[in-house]
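Enquirer: Sequence unavailable; structure follows:
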């Protein structure tokens with residue numbers, strides 16, 4: 001799964017990192033998550049460290065950090081994290097904080113790595129219906145497409161230079177209902193930085209029918225703009241499916257009505 005890209009331009013040189021996450025089950029409750037970074041910029045990232053952090057049921061997991069040296073332009077480096085004692089089937093998020101140097105300046109990025117464990121095909125019951133950044137706030141809207149209330153905790157994944165409050169949001173979302181909330185956000189100044197585009201993610205974690213779910217929404221913050229993209233491609237796919245479903249229902253109803261009308265005319 002290709003995830004958020006990050007780009008920093010400093011003193012005319014650019015480091016642009018894109019994360020790639022893959023995973024494999026190695027035992028009944030253990031998953032290996034492999035995370036790699038590709039530098040498509042024109043300047044090396046040096047002293048790169050990968051600092052993992054689990055969310056939800058993995059929040060207390062002890063996961064080792066890695067130092068992976070330098071990532072030169074067009075090169076890829078990474079590491080594999082071993083996650084054990086997973087409490088239940090489902091989808092989980094591993095947050096990876098990346099620390100690196102561009103010249104003498106230390107920069108950070110945050111990447112969400114979503115993986116499944118012993119879950120088969122999962123369908124998220126919380127669908128993101130809106131997301132965006134405006135006037136110092138990250139805004140998100142969720143819709144419960146399930147048939148029962150969902151208790152969820154919404155967390156932010158962001159690098160250290162992005163400050164936000166509160167630390168998380170908790171909510172109970174009724175079936176076939178939406179929920180809208182926001183986080184206050186500010187981005188700290190970075191020495192020697194001409195331009196930056198960095199990823200910020202919102203994760204809604206919840207339990208549904210004995211499985212753990214992580215609904216993920218990715219956004220971008222830029223030092224040159226106060227507005228970011230608002231809706232991910234996964235949301236557009238969900239929207240297209242809903243539209244097609246509504247059209248099909250309409251055609252079925254129309255067909256039934258025509259058959260009834262013809263039946264009455266023939267009597």
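Expert: Arrived safely, thanks for sending. All values derive from a computational prediction rather than experimental measurement.
Enquirer: and stretch 141-157, which residues are buried?
Expert: Using 16 or more other C-beta atoms under 10 Å as the test for burial, stretch 141-157 gives 141, 142, 143, 144, 145, 146, 150, 152, 154, 155, 156, 157. The way it works is simple: take the backbone N, C-alpha and C, and place the C-beta from them, glycine included.
Enquirer: likewise stretch 161-180?
Expert: Using 16+ other C-beta under 10 Å as the test for burial, stretch 161-180 gives 161, 162, 164, 168, 169, 173, 179.
Enquirer: One more: stretch 80-92?
Expert: Residues of stretch 80-92 classed as buried by neighbour count (16+ other C-beta under 10 Å): 81, 83, 86, 90, 91, 92.
Enquirer: cool, stretch 23-42 as well?
Expert: 23, 31, 32, 33, 35, 36, 37, 38, 39, 41.
Enquirer: Could you pull up the contacting residues of the last one?
Expert: Residue 41 makes contact with 7, 13, 14, 15, 16, 17, 73, according to C-beta atoms under 8 Å, 6 or more residues apart in numbering.
Enquirer: Check those and tell me the two furthest apart.
Expert: The most widely separated members of the contacts of residue 41 are 13 and 17, with 13.7 Å between them, by C-beta to C-beta.
Enquirer: higher neighbour count, these two?
Expert: residue 17 (24 against 15; other C-beta atoms under 10 Å).
Enquirer: The more buried one - that's part of a strand, no?
Expert: Yes - counting by DSSP: H, G, I helix; E, B strand; the rest coil, residue 17 is located in a strand.
Enquirer: That one against residue 38, yeah?
Expert: Yes - using C-beta atoms under 8 Å, residue 17 is in contact with residue 38, at 7.0 Å.
Enquirer: what sits in contact with each of those two?
Expert: Shared contacts of residue 17 and residue 38, counting by C-beta under 8 Å, 6+ apart, come down to residue 71.
Enquirer: just to revisit the earlier point, any chance of the contacts of residue 41 in TSV, with pLDDT too?
Expert: As requested, the contacts of residue 41 are arranged in TSV below (pLDDT from 0 to 100):
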residue	pLDDT
7	52
13	78
14	82
15	85
16	85
17	86
73	94
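Enquirer: Now do residue 103 against residue 15, distance only.
Expert: 10 Å (C-beta to C-beta, to the nearest Å).
Enquirer: Identify the contacts common to the two.
Expert: Contact criterion C-beta under 8 Å, 6+ apart; residues shared by residue 103 and residue 15: residue 43.
Enquirer: So between these two, which is more surrounded?
Expert: Using other C-beta under 10 Å, the more surrounded residue of residue 103 and residue 15 is residue 15, with 25 against 13.
Enquirer: Enumerate the beta-bridge partners assigned to the residue most central in space within the chain.
Expert: Closest residue to the average C-alpha location of the chain: residue 216 at 3.4 Å, with C-alpha atoms, centre = their mean. Taking DSSP bridges as the rule, residue 216 bridges to residue 203.
Enquirer: Ok, residue 14 next?
Expert: residue 9.
Enquirer: Surely it is in contact with residue 43?
Expert: Yes - assessed by C-beta under 8 Å, residue 14 is found in contact with residue 43 at 6.0 Å.
Enquirer: Now do the phi/psi pair for residue 153.
Expert: phi -120, psi 130 (degrees, to the nearest 10).
Enquirer: again with the one 3 residues further on
Expert: Dihedral angles phi and psi of residue 156 (degrees, to the nearest 10) take the values phi -100, psi 140.
Enquirer: what's the closest non-adjacent residue to it?
Expert: Closest residue to residue 156 apart from its sequence neighbours, by C-beta to C-beta, 6 or more residues apart in numbering: residue 164 at 5.2 Å.
Enquirer: Which helix or which strand is home to that neighbour?
Expert: strand 162-165 (DSSP states H and E).
Enquirer: and that strand, average pLDDT?
Expert: What strand 162-165 shows for mean pLDDT is 90.
Enquirer: same deal with stretch 135-155?
Expert: 94.
Enquirer: For it, what is the distance to the chain centroid?
Expert: Counting by C-alpha atoms, centre = their mean, to the nearest Å, stretch 135-155 is centred 13 Å from the centre of its parent chain.
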